[in-house]
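Asks: Give me a 3D structure for the following:
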Amino acid sequence: MQARRILILTNRIPYPLNDGGNLAVQSMIEGYRKAGWEVYLLSMHTTRHPVPAEKLDELFKGLAGFATVPVNNDVKTLPTIANYLFSRKPNHVQRFYHRSFGKKLKEVLLSFKPEVVQMESVFLATYLDTIKESSKAVNVLRMHNVEHQIWERLSDEIKNPFKKQYLKNLAKRIKKFEIETWKKFDLLLPITKDDAAIVHFLYHHVNMVTAPFGIDTSDIVPSTNERWVGYHIGAMDWVPNAEAIKWFISQIWPQVMNVVPDFKFYFAGRNMPEYFQGRLPDGLHCAGEVEDAGAFIADKKILIVPLRSGGGIRVKILEAMAAGKLVISTDVGMQGIEAENGIHYFSANSARQFKEAIRKAMSDKVASERIAANGKVLIEEKYRQEAVADVVIKGIEALL
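Replies: All right, here's what the predicted structure looks like:
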């Protein structure tokens, strides 16, 4: 039988592979390829996430095709204000609509003739008309998050009244846009059961397959010579990550120092704000953007995830558990991962709880190792790349 053809659209080049969203796209691509599908990747090459020209030639060589389109998606003050005052659409939608991308998309549809088109962001849905005019492909939306939930949670955390009002308004617009968009796709692929439940509550008549991040467990190398220190790595231009680290440093760290004064915490990420790179309290270490995320993580035992906003599934948590790390996380951080507190990880949702979880981890390392080992088994059983890809492909094949 001839191989199926799928065109995957992304609103940024999924590189480097030290970011949860990029890893999730890469995992999906590999899942299709291992199943024998031909994959064409069309990505926006954005000003906010540029990739060096010399790297582009090396990327995604095993695909049926890979193309990029330059897109300026900078957040600009005047257009943002104009959008807030005069438009009903979220600012994100306008920032990711560019005629040049639509033109290239049409060319690829006509030449590659995909049977399936999969979008990796709801904000690419403005190109659905172009797809339907030029193709009879099944249209799939991969939901890395329920986007409006991120901004609702973030607005709850913000103190500045003007910023709070803006974020609440933005969340309301995104929610309306999302619900209208879900209706237009043949299939939705929420990344967690929680996200699927939200979609079902807001719009009942939708075809969905829950598709968590799939880990290629054969690539995971268990760490050796680990130090019992904490770490966090994540893109700092994603607001929930930056807010999480702010909270950890200002509210959690002083309490941790009262009970475990020798504990150390290392954090890294792309686009690290300058205020994190200045003088920090003893025990805190900011590595900025690291060239090799694997090397940064390898010798550290405890992943700390103090997220209080955001959605979807945290790829870094799955990878850490697969490598036998101990995870201490909020409920928001663990969203979508079927793990139990005290069995697979430690739950902490307040500064006091983080302090107690770190104290417990450091005072009984034998029990903590047992919890980390349980987490590793959970990933191998429920989040293997092949198993996730099989579920997704069956859902798509039913439509084809």
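Asks: From here on, just use CA atoms for contacts and neighbour counts.
Replies: OK.
Asks: Can you verify R359 is assigned to a helix?
Replies: Yes - under DSSP: H, G, I helix; E, B strand; the rest coil, R359 falls within a helix.
Asks: Quick check: it touching N258?
Replies: No - using C-alpha atoms under 8 Å, R359 is not in contact with N258; the gap is 10.0 Å.
Asks: Overlap of the contact sets of these two?
Replies: Here R359 and N258 share no contacting residue, scored by C-alpha atoms under 8 Å, 6 or more residues apart in numbering.
Asks: okay, these two: which has more neighbours?
Replies: The neighbour comparison of R359 against N258 (other C-alpha atoms under 10 Å) goes to R359, with 17 against 11.
Asks: show me where the stretch 101-250 of the chain has strands.
Replies: With DSSP state E, counting those that start in this stretch, the ranges of strands along the stretch 101-250 of the chain come out as 116-119, 138-143, 187-190, 227-233.
Asks: Mind putting the ones you listed into TSV with mean neighbour count?
Replies: Formatted as TSV, those follow (neighbours: other C-alpha atoms under 10 Å):
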stretch	mean neighbour count
strand 116-119	22
strand 138-143	22
strand 187-190	24
strand 227-233	20
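Asks: Out of these, which gets nearest to L170?
Replies: strand 138-143 (18.5 Å; C-alpha to C-alpha).
Asks: which residues of the stretch 251-400 of the chain score low on pLDDT?
Replies: Scanning the stretch 251-400 of the chain for pLDDT under 70 picks out the ranges 311-313.
Asks: how about 80 then?
Replies: 310-313 (pLDDT under 80).
Asks: before we move on, the earlier item: F201 is nearest to which of the strands of the stretch 101-250 of the chain?
Replies: Nearest to F201 among these is strand 187-190; the distance by C-alpha to C-alpha comes to 13.5 Å.
Asks: I'd like the mean pLDDT over that closest one, please.
Replies: The average of the pLDDT scores along strand 187-190 is 96.
Asks: Output the contacting helices and strands for that strand.
Replies: strand 138-143 (3 or more C-alpha pairs under 8 Å, 6 or more residues apart in numbering; DSSP states H and E).
Asks: for the strand it packs on, the distance to its chain's centre please.
Replies: 16 Å (C-alpha atoms, centre = their mean, to the nearest Å).
Asks: residues making contact with it?
Replies: Residues contacting strand 138-143 (C-alpha under 8 Å, 6+ apart): 115-122, 185-191, 312, 396, 399-400.
Asks: Could you give me the buried positions within the lengthiest helix in the chain?
Replies: For the chain, the longest helix by residue count, based on DSSP state H, is helix 161-182. Within helix 161-182, the residues that count as buried by 16 or more other C-alpha atoms under 10 Å are 164, 167-175, 177-178, 181-182.
Asks: Stretch 49-58 now?
Replies: Buried residues in stretch 49-58, counted by 16+ other C-alpha under 10 Å: 49, 51.
Asks: Endpoints of that stretch, how far apart?
Replies: Stretch 49-58 has its terminal residues 17 Å apart, counting by C-alpha to C-alpha, to the nearest Å.
Asks: mind checking how far that stretch is from the chain centre?
Replies: For stretch 49-58, the distance to the chain centre is 21 Å (C-alpha atoms, centre = their mean).
Asks: Nearest residue to P14 in space, ignoring adjacent ones along the chain?
Replies: Nearest residue to P14 in three dimensions, chain neighbours excluded: N22, at 4.4 Å (C-alpha to C-alpha, 6 or more residues apart in numbering).
Asks: How about the contacts made by the one you found?
Replies: So N22 contacts 13-16 (C-alpha under 8 Å, 6+ apart).
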